[in-house]
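Student: Any chance you can model this:
(2 chains)
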Number of protein chains: 2
Amino acid sequence: MLSKSTYLNRRLTLKTKLGGGLLLFLGNEESGMNYRDNVYSFRQDSTFLYYFGIDQASLTAVIDLDNDQEILFGDELTIDDIVWTGPKEAISEKAAKVGVTEVKPASALGSLLKDALSKGQTVHFLPPYRGEHYLKLQEWLHINPAEATQKASVSFIKAVVSMRSYKTEEEVAEIEKAVDTSVDMHLSFMRETRAGMTEKEIAGKLQSIAIGQGGDISYPIILTVNGEILHTHARDLAIRDGQMALCDAGAETAMHYCGDLTRTIPVGNAFTTIQKEMYQIVLDAQEAAIAACKPGILFKDVHKLASTKLVEGMKQMGVVKGDVAEAIEHDVHTLFFQCGLGHMMGLDVHDMENLGEQYVGYTDDLIKGTAFGWKSLRLGRALEPGFVLTVEPGLYLIPTLIDRWKAENKLAQFINYEKLELFRDFTGIRIEDNLLITETGNRLLGKELVKSVADVEGLRG
Amino acid sequence: MLSKSTYLNRRLTLKTKLGGGLLLFLGNEESGMNYRDNVYSFRQDSTFLYYFGIDQASLTAVIDLDNDQEILFGDELTIDDIVWTGPKEAISEKAAKVGVTEVKPASALGSLLKDALSKGQTVHFLPPYRGEHYLKLQEWLHINPAEATQKASVSFIKAVVSMRSYKTEEEVAEIEKAVDTSVDMHLSFMRETRAGMTEKEIAGKLQSIAIGQGGDISYPIILTVNGEILHTHARDLAIRDGQMALCDAGAETAMHYCGDLTRTIPVGNAFTTIQKEMYQIVLDAQEAAIAACKPGILFKDVHKLASTKLVEGMKQMGVVKGDVAEAIEHDVHTLFFQCGLGHMMGLDVHDMENLGEQYVGYTDDLIKGTAFGWKSLRLGRALEPGFVLTVEPGLYLIPTLIDRWKAENKLAQFINYEKLELFRDFTGIRIEDNLLITETGNRLLGKELVKSVADVEGLRG
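Tutor: Take a look at the predicted model:
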């Protein structure tokens, strides 16, 4: 938890951004896996954490702008509960630490909202993403679950985004803690990975590092010898010499700020020649992209820059032909680089993704693209000081996609399909770091994590 | 996945147990943590796994008893999906492996259920436990979420319980795999725990063992120096010499069969004298309880036997006085042993808990108790060959509870409250194993995990 004044000031600022009505903050519930009481590790809603800081299930907060009230709803433990859970700090004590003085039992919320609706007050809520959110909105506000997302308050969303996008010093310090733990996870990966281990075995070990440092993983670890499969999970599959292993893993701190790093290593001691060449292409693209990140530049243009570097590299490999700039205009890069260059990062690893990518990564004047490749770019807007983001270019040789393009002879003026066949089973490489946009440029966050070919191979010796 | 004939036979048997109507099997969905796409590790519903075996999100199965149909509803990957997820086995192929030939898109389910309702068919469903279950039942069957649990089909519940309660040889083999992994986790705990480590650090390491062996943990690990807090999670707290550490942890296999073991160790090399004496009381109670487990005996009576042993021990410690049998009749044991002796175990660690403890652990003629202590006994019914269960007595000195009883001078004829004060901060001990009821008695499952004082201290050297 941050200081009381931080939460007070955040709520004060938020209130100035909205004209009136009630702001409803749905805290998350415990979430059962295979029955109600066998719960996943609790994860509080990030916007709730940002304004109210209390990391506990079954809380709801209301800010009544019209009557200038802040109320937290939740039930204190009974003596019976304490027998089972041990003594715990009361909700009212926690509330006091974040500057909230009014705490009411959960059962009082329904009638408060009913009254508000009957008086014609607007109740602003954010887009739901868990089943429980839909059920609560239905019960309390009579919102049909099918309509809940579209009925979320755009002014509330925009106000939250306009604050959470700019990380303060104390937030950056907490993010750096998360990145430092993420670096420790990757150092373990880069040093200790050996042929014969299974993907799951390595992933489990990395998760234990995140847990051991007091937090947990910030997203399911991607640990795979098939780096070209963008949405994959670690398998019960032994890795082999000659393959590359891609690890996309990050920690979140106890306060739930996130890190998100990717490295790709040879399973053996060294990359093969072709792996080394391809790795260098990705690294060059990443370094060029990072160098370009500064206030005022559209991240969409940084994405384009990285894509250009990747296509230049693939031209050197003989897979792309013709004019590179023209090739990029035709989206040739999406054959190798199907996803976005990066995303905002903070209390969520894809920060505020639940609020909508258009609102977080774009602006009213810059609409997110819909074409293949561009639709996966979560961040396009001009960078500003205080933004924290990832930069994560990659080369992904996806057999299914290659087959499809080849069958259509798609963009054959730019692609040497015969040469491309040689890369069909190359798999994929990604390199990812986290950075803060400063007044003049950017700063890499966290401890250094090596990424040059020589340094990576040095850890594999 | 087990063999096709296993799933075919299970469904065949189930069908003979129910007169008519439609049986609705809700598979689970991916579950977002802080936004929709940042998902927890997927956990399929266990009853779905038992009858349909497919460990994949967003599936629903229907058995139409009136028209003798078995249909699986789910959407195959599109070519676009495959670009992101890699090629995967089709649902229709997985369905064929469990003997289901009819696969329809998810969108076809709504109209099928609508038709069924309009024809007056009964749609049987099991009690919901996730938000998504409530939303689906509302959308498809117009069930008000507040009434969904009470409208669940008792005949369906009873039929499922009458099958899942009796573990077959292949299920027992899978459970033993889970217990073996759980033993490995505990051996790491018992050998490698050292003063100065944090509870979370140790817990994270144990989870990595479960993941590394191809599965995951079967429930959140309890790893604590406050064993008396029954519902606790590992904290970011360093453990110290002189304390005891209690570890309640189990693995589930990739097929989702579970293990569930508990051991309590000294953080230093050896127990103190009083810790040793108390440990021996729990161990004697556990061994007596295990020896008593055989077909025909009420587990409620085994619970009583263990409680008696614990109270006899506490009498030797000078904390209990008077006639032990009489003390037990007055529930004196609930001051030290507030929870149940054990529970069924299988595809869920508390097997079938989502179906209702009355149906799983009791019978129409044996109603679950409501008094303190007894209401926490999940299993009371007569044991039968094929049952797999835990036996897990403990001694828990809970300051809050001691204070409450003392303030009321409760059962003072049996309790030496002055002496009890000496144990106020003793914390807690539990010892837990998993066993299969055989034709003549029982068999401990999994590899041996030592538990005598000498053997435990032997691992701490």
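Student: The stretch 251-400 of chain A: strands as residue ranges?
Tutor: A:251-252, A:261-266, A:388-391, A:394-396 (DSSP state E, counting those that start in this stretch).
Student: Highest mean neighbour count out of these?
Tutor: Greatest average neighbour count among those goes to strand A:251-252 (a mean of 30), per mean count of other Cβ atoms under 10 Å in any protein chain shown. Yep, even glycine has a C-beta here, placed from its N, CA and C like the rest.
Student: right, is that one up against chain B?
Tutor: No - for a cut-off given as Cβ under 8 Å from any Cβ of the partner chain, strand A:251-252 has no contacts with chain B; the smallest distance is 9.3 Å.
Student: In JSON lines: the strands of the stretch 251-400 of chain A, plus mean pLDDT and distance to residue A:374.
Tutor: Shown next, in JSON lines, are the strands of the stretch 251-400 of chain A (pLDDT from 0 to 100; distance: least, Cβ to Cβ, whole Å):
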{"stretch": "strand A:251-252", "mean pLDDT": "98", "distance to residue A:374": "29"}
{"stretch": "strand A:261-266", "mean pLDDT": "98", "distance to residue A:374": "21"}
{"stretch": "strand A:388-391", "mean pLDDT": "98", "distance to residue A:374": "17"}
{"stretch": "strand A:394-396", "mean pLDDT": "98", "distance to residue A:374": "16"}
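Student: Please, where are all the helices along the stretch 251-400 of chain A?
Tutor: Listed in chain order, the helices of the stretch 251-400 of chain A (DSSP state H, counting those that start in this stretch) span A:273-292, A:299-316, A:324-329, A:357-361, A:399-408.
Student: Quick one: closest of these to chain B.
Tutor: Distance to chain B, taken as Cβ to the nearest Cβ, is lowest for helix A:399-408 among these, at 4.9 Å.
Student: Sort out which residues of the helix or strand immediately after that closest one in the chain are buried, please.
Tutor: Using DSSP states H and E, the helix or strand that follows helix A:399-408 towards the C-terminus is helix A:417-421. Neighbour counts over helix A:417-421 (16 or more other Cβ atoms under 10 Å in any protein chain shown) mark residue A:420 as buried.
Student: next one: stretch A:77-89
Tutor: By neighbour count on 16+ other Cβ under 10 Å, the buried set for stretch A:77-89 is A:77, A:82, A:83, A:84, A:86.
Student: As CSV, the residues you listed with pLDDT and distance to residue B:111 would be great.
Tutor: Below are the buried residues of stretch A:77-89 laid out as CSV (pLDDT from 0 to 100; distance: Cβ to Cβ, whole Å):
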residue, pLDDT, distance to residue B:111
A:77, 92, 47
A:82, 88, 50
A:83, 84, 50
A:84, 87, 46
A:86, 89, 51
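Student: who's in contact with the helix or strand bottoming out on mean pLDDT in chain A?
Tutor: Least confident helix or strand of chain A, by mean pLDDT, DSSP states H and E, is helix A:79-85 with a mean of 86. The contact list for helix A:79-85, computed with Cβ atoms under 8 Å, 6 or more residues apart in numbering or on different chains, reads A:77, A:88, B:229, B:230, B:231, B:232, B:338, B:398, B:400, B:401, B:404.
Student: Check stretch A:133-140 too.
Tutor: Counting contacts by Cβ under 8 Å, 6+ apart, the residues outside stretch A:133-140 that touch it are A:24, A:26, A:60, A:109-110, A:113-114, A:125, A:128, A:143-145, A:148, B:131, B:134-135, B:145.
Student: And the residue of chain A closest to chain B?
Tutor: Residue nearest to chain B within chain A (Cβ to the nearest Cβ): residue A:131, separated by 2.0 Å.
Student: Okay, domains of chain A per the record?
Tutor: When chain A is parsed with automatic domain parsing, its domains come out as A:4-164, A:169-459.
Student: Quick check: end-to-end length of the shortest one?
Tutor: Spelled out, that is domain A:4-164. Domain A:4-164 has an end-to-end distance of 17 Å (criterion: Cα to Cα, to the nearest Å).
Student: again, but for stretch A:108-128
Tutor: Stretch A:108-128 has an end-to-end distance of 22 Å (Cα to Cα).
Student: Is chain B within reach of that stretch?
Tutor: No - counting by Cβ under 8 Å from any Cβ, chain B has no neighbours in stretch A:108-128; the shortest distance is 9.2 Å.
Student: in that stretch, what counts as buried?
Tutor: Quick answer for stretch A:108-128 (16+ other Cβ under 10 Å): A:109, A:112, A:113, A:116, A:121, A:122, A:123, A:124, A:125, A:126, A:127, A:128.
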